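>>> only the shape, not the letters, is given here:
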């Protein structure tokens with residue numbers, strides 16, 4: 001018996017240690033069956049942008065944020081078979097092919113360098129970037145290429161008649177060394193005149209090397225050595241200890257100083273993925289789930305602690321070396337629940353209950369539970385509960401294999417497990433405290449420690465004495481009694497119960513209260529409950545979660561809609577320092593202060609998520625085949641993983657632009673019909689790219705688009721406008737977001753919608769309107785001109801009529817003179833007078849039809865008239881004509897016969913017989929303001945300005961005034977007549993010339 005107990009304790013200890021220590025790393029596998037073009041992964045490189053480059057025997061693959069992009073010969077590769085990859089300090093990628101030289105990729109185009117360009121051999125085996133050079137190892141020699149000029153220098157091979165097959169490069173003391181397969185170790189001397197190979201060691205059959213501080217790992221046939229680097233390059237210590245038992249083709253060292261080795265024994269089966277631990281090769285095939293024995297390439301991402309393993313026959317494996325989630329395996333077992341007392345913990349599995357107390361572990365099997373039930377049934381003196389008494393039906397014939405666990409709780413430092421064969425109270429030592437033949441899917445305790453047994457349909461029993469099986473029944477017919485209870489929580493002086501149909505209940509002060517019946521809270525279909533600080537978090541059957549305070553008055557503080565929680569069915573809820581932890585069929589959501597963090601299989605959290613426990617800062621989640629452990633502190637306060645967004649490609653109307661803006665101020669300018677765009681962008685490498693959600697807005701004032709999982713923006717039929725496109729990346733793995741401008745862009749309107757075209761239209765329209773207006777003006781002017789001509793003709797006609805009125809008046813006076821001569825029997829004078837009169841009549845007839853005449857013609861007419869009139873006075877009146885020398889009487893025109901009337905008045909009124917030496921003076925003077933002043937003055941009798949003024953009453957003078965007015969003159973300013981009695985009369989007439 002002691003031996004049995006010792007053996008059992010050892011087995012339990014082994015089982016618990018296996019549960020606690022066994023760990024499987026999250027692994028992703030890529031092969032030709034899914035995403036790789038070929039299963040032979042010859043080379044791997046993590047570049048400076050954290051993108052992974054995969055060289056296969058049928059093309060190169062770039063893996064960035066979960067997106068794979070493929071490059072083949074048709075894209076510019078020299079050859080699809082890629083055996084080596086390197087990155088120079090300018091960020092160019094170098095791909096070494098096994099047969100066609102090197103392809104250099106600058107992000108847009110490939111440049112090929114081969115033997116035609118001076119390369120020593122086209123079969124590339126290794127590439128090594130150092131400062132401004134890339135060292136190229138081939139199947140037969142070394143070449144050096146300048147990264148700035150691509151100038152090739154090929155080194156002369158040693159004289160040995162063997163292939164100079166380069167296996168690796170390494171640097172030591174700022175010098176480059178070449179490890180060959182069969183010729184030893186060489187140093188590359190680079191004097192100013194010519195580079196050369198200098199042999200420093202005779203190490204042979206080298207496959208790969210790794211420099212580790214001052215040591216070097218060197219791989220040989222079926223073993224490796226670890227030596228001082230200084231000795232290795234000086235051919236010392238050639239008898240170093242042979243370690244391992246396989247051929248190592250590649251090494252990689254991690255940030256935690258772990259060294260991994262890629263092994264392939266060629267003809268042996270001892271290859272695989274190994275870790276160099278001390279002086280041993282330790283296989284990590286099982287932890288990494290890599291079954292291939294032909295591992296030939298490695299790469300390491302220090303930022304995300306990822307190891308990339310390339311095989312010759314099974315593609316690529318991606319291993320998270322330091323995952324936020326670790327898995328402890330217990331093969332074939334389902335972990336259903338956890339419980340913890342002050343000094344002990346328990347794990348509820350589908351096949352046993354594991355209890356740990358200090359260093360003591362106990363496994364309580366299903367058979368043991370069944371035995372405890374049978375012992376109670378056979379020995380109890382109390383009547384067993386019957387279904388007829390409204391107890392939930394309990395089948396005592398249920399065998400151990402059919403035992404079903406419902407839950408595990410802690411009360412009074414014991415574990416209480418309710419099952420389909422009854423309720424068990426188990427001590428922290430693993431021994432049974434009691435068994436109760438109660439079938440209840442949900443139990444709990446009052447604040448005073450009384451057991452509460454719920455029944456889906458038969459009410460609730462609160463036990464006052466478990467030994468005597470005394471209880472108080474709360475009938476289901478009472479609306480305050482919980483029914484169809486699915487979860488419960490004892491908190492302070494209250495015990496809460498959740499019903500799937502009738503909402504929330506509470507036990508307080510010896511009675512149940514229904515929140516639904518009491519009108520406190522109308523939610524009916526409730527599923528899970530947990531504490532969160534002083535508050536409660538309660539979920540509904542459909543996934544909504546409410547944060548509730550029930551310390552005083554009941555208050556719903558916040559509702560977390562199910563749309564914010566990934567998954568439709570909540571399996572558990574826990575709390576850690578105010579962070580709500582929600583498990584669903586999709587994964588795990590952590591929520592605090594409106595920030596959501598989501599984790600799923602991308603981080604290594606596989607379904608199903610069955611149960612959970614928070615202990616200190618560790619969240620343990622039960623699942624199939626084991627449990628997951630999560631460091632909550634690291635998850636809740638993660639670092640920002642997205643701090644930049646780079647625009648990669650722009651497609652306009654399905655055509656790729658040849659350039660992408662680099663500076664923030666650069667702007668893409670497009671025509672109005674170049675308005676359908678596809679923008680492709682990316683963040684820096686992210687460990688969980690599928691957790692990224694992208695939104696965009698076209699301008700600062702625009703609303704954000706719906707979230708998308710693709711890092712691209714499709715913008716169809718954009719209207720002409722200036723755009724400042726922003727992108728927001730929401731990282732579900734951290735709950736953080738990052739926003740930055742992506743592209744400044746202008747889509748110009750068509751010319752018919754531009755301001756200048758609109759201005760041109762306005763100008764044309766204005767010009768047209770102005771033309772029409774000017775046409776109307778011209779028409780009006782033409783009309784006015786015609787009207788003026790008609791008016792002028794009317795005035796001329798009227799003037800002619802006035803002249804016609806003058807002529808009879810003058811003729812009347814002249815006839816009187818002729819009559820006088822005839823009556824006086826002065827036939828000679830009458831004849832002479834009649835001759836002058838006939839000449840005057842001819843002039844008068846000629847002038848009266850003309851509105852204007854020359855000044856000389858007016859003077860001649862006046863002189864003729866004066867001769868006629870002076871003849872009547874026996875030429876007694878002295879007549880003087882004066883013309884301003886500045887006046888050209890042959891050019892100047894004046895209105896016809898304006899002056900004759902005033903001259904006539906002189907002869908008629910100015911000189912009676914009493915006037916001695918009568919004088920008539922007619923003068924013409926050109927004034928400075930363009931006026932012609934006509935002056936007629938006499939020394940006659942004159943007149944006063946009285947009413948009897950004969951001159952003012954003269955009909956001829958009135959006709960002249962009317963003519964002056966018709967000609968447009970102001971009469972008072974144009975015609976001035978002054979006279980002084982017995983001194984003479986002065987007439988001034990001013991005309992515009």
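The structure has been received and is ready for your questions. Since this is a predicted model, take the numbers as computed values, not measurements.
>>> what's the helix or strand for the residue of the chain most remote from its centre?
Computed with Cα atoms, centre = their mean, the maximum C-alpha offset from the centroid of the chain is found at residue 825, amounting to 126.6 Å. Residue 825 is part of no helix or strand when elements are defined by DSSP states H and E.
>>> what's near enough to touch residue 240?
Contacts were defined as Cβ atoms under 8 Å, 6 or more residues apart in numbering; by that measure residue 240 touches 225, 226, 227. Placement of C-beta: from N, CA and C, glycine included.
>>> chain neighbours aside, what residue packs nearest to the last one?
Think residue 227. Nearest non-adjacent residue to residue 227, counting by Cβ to Cβ, 6 or more residues apart in numbering: residue 240, 4.8 Å away.
>>> quick check, pLDDT for the one you found.
Looking at residue 240, its pLDDT stands at 76.
>>> part of a helix, is it?
No: read with DSSP: H, G, I helix; E, B strand; the rest coil, residue 240 is coil and lies in no helix.
>>> circling back to that earlier point, who wins for most neighbours among the contacts of residue 240?
Using other Cβ atoms under 10 Å as the neighbour criterion, residue 225 leads the contacts of residue 240 with 21 neighbours.
>>> okay, and the beta partners of it?
residue 218 (DSSP bridges).
>>> show me the shaky parts of the stretch 351-500 of the chain.
In the predicted model of the stretch 351-500 of the chain, no residue satisfies pLDDT under 70.
>>> now the stretch 101-250 of the chain
In the predicted model, the stretch 101-250 of the chain carries pLDDT under 70 at residues 192-193, 235-239.
>>> where exactly do the helices run in it?
Along the stretch 101-250 of the chain, the stretches classed as helices by DSSP state H, counting those that start in this stretch are 229-232.
>>> tell me where it has strands.
Secondary structure of the stretch 101-250 of the chain (DSSP state E, counting those that start in this stretch): strands at 102-105, 110-113, 124-130, 133-138, 141-146, 152-154, 166-172, 175-180, 185-189, 196-201, 208-212, 215-220, 223-228, 248-253.
>>> looking at the ones you listed, which is nearest to residue 923?
Closest approach to residue 923 among the strands of the stretch 101-250 of the chain is made by strand 110-113 (108.3 Å; Cβ to Cβ).
>>> contacts for that closest one, please.
By Cβ under 8 Å, 6+ apart, strand 110-113 touches 75-78, 100-104, 119, 145, 150, 152.
>>> in its sheet, what does that strand sit against?
strand 102-105 (antiparallel).
>>> identify the residues contacting the partner strand?
71, 76-78, 92-97, 110-114, 119, 124, 127, 136, 145, 150.
>>> picking that back up, and residue 926, which of the strands of the stretch 101-250 of the chain is closest to it?
Smallest distance to residue 926 across the strands of the stretch 101-250 of the chain (Cβ to Cβ): 97.1 Å, for strand 110-113.
>>> in the closest one, which residues are buried?
For strand 110-113, the neighbour count (16 or more other Cβ atoms under 10 Å) marks 110, 112, 113 as buried.
>>> and for stretch 565-576?
Residues 565, 566, 567, 570, 571, 572, 573, 574, 575, 576 are the ones in stretch 565-576 that count as buried (16+ other Cβ under 10 Å).
>>> counting neighbours, what do you get for the residue lying closest to residue 345 once chain neighbours are set aside?
Of all residues not flanking residue 345 in the chain, residue 356 sits nearest, at 5.3 Å (Cβ to Cβ, 6+ apart). Using other Cβ under 10 Å, residue 356 has 21 other residues around it.
>>> quick one, what contacts residue 356?
16, 344, 345, 346, 362.
>>> between those, which is nearest residue 628?
Once Cβ to Cβ is applied, the member of these that ends up nearest residue 628 is residue 345, at 16.3 Å.
>>> what's the helix or strand for that closest one?
Per DSSP H and E: residue 345 is located in strand 344-349.
>>> now the helix or strand just after that strand against strand 344-349, angle please.
Where DSSP H and E defines the elements, the next helix or strand beyond strand 344-349 is strand 352-357. Here strand 352-357 runs at an angle of 170 degrees relative to strand 344-349 (axes from the mean of the first three to the mean of the last three Cα atoms, to 10 degrees).
>>> about what we covered before: want to throw the buried residues of strand 110-113 into JSON lines with distance to residue 679?
Converted to JSON lines, the buried residues of strand 110-113 look like this (distance: Cβ to Cβ, whole Å):
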{"residue": "110", "distance to residue 679": "24"}
{"residue": "112", "distance to residue 679": "31"}
{"residue": "113", "distance to residue 679": "34"}
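>>> in three-state terms, label the closest residue to residue 710 other than its chain neighbours for me.
Leaving out its chain neighbours, the residue that sits closest to residue 710 by Cβ to Cβ, 6+ apart is residue 694, at 6.9 Å. Under three-state DSSP, residue 694 falls in the strand class.
>>> okay, strands next: where are they in the stretch 251-400 of the chain?
Using DSSP E, counting those that start in this stretch, the strands assigned to the stretch 251-400 of the chain run over residues 259-263, 272-277, 280-283, 295-301, 306-311, 316-320, 325-340, 344-349, 352-357, 360-365.
>>> would you single out the least confident of the ones you listed?
Ranked by mean pLDDT, the strands of the stretch 251-400 of the chain bottom out at strand 325-340, with a mean of 88.
>>> list the buried residues of stretch 606-613.
By neighbour count on 16+ other Cβ under 10 Å, the buried set for stretch 606-613 is 606, 607, 609, 610, 611, 612, 613.
>>> other residues contacting it?
Identification of contacts with stretch 606-613 by Cβ under 8 Å, 6+ apart yields 334-340, 348, 571-572, 574, 581, 583-585, 587-588, 601, 619-624.
>>> before we move on, the earlier item: how much space between the residue farthest from the centre of the chain and residue 815?
Separation of residue 825 from residue 815 (Cβ to Cβ, to the nearest Å) stands at 17 Å.
>>> and if you look at residue 40?
145 Å.
>>> state the helix or strand in which the residue most central in space within the chain lies.
The centroid of the chain falls nearest to residue 726 when counting by Cα atoms, centre = their mean (2.1 Å). Using DSSP H and E, residue 726 falls within strand 721-731.
>>> next one: residue 672
In this structure, residue 672 sits in neither a helix nor a strand according to DSSP H and E.
>>> my guess is residue 501 meets residue 526, correct?
No: with contacts counted by Cβ atoms under 8 Å, residue 501 stays clear of residue 526, the gap being 9.2 Å.
>>> more crowded one of the two?
Each of residue 501 and residue 526 has its neighbours counted (other Cβ under 10 Å); residue 526 has more, 28 against 14.
>>> tell me who's in contact with the closest residue to the more buried one other than its chain neighbours.
The spatial neighbour of residue 526 that comes closest, neighbours along the chain excluded (Cβ to Cβ, 6+ apart), is residue 498 at 4.0 Å. Counting by Cβ under 8 Å, 6+ apart, residue 498 touches 485, 486, 487, 488, 504, 505, 526, 527, 528, 529, 538.
>>> neighbour-wise, which one of those residues leads?
For those, counting by other Cβ under 10 Å, the largest number of neighbours falls to residue 526: 28 neighbours.
>>> quick revisit: quick one, which of residue 40 and residue 815 is more surrounded?
Shown here are residue 40 and residue 815; by other Cβ under 10 Å, residue 40 has more neighbours (21 against 11).
>>> the more buried one and residue 232, how far apart?
Applying Cβ to Cβ to residue 40 and residue 232 gives a distance of 31 Å.
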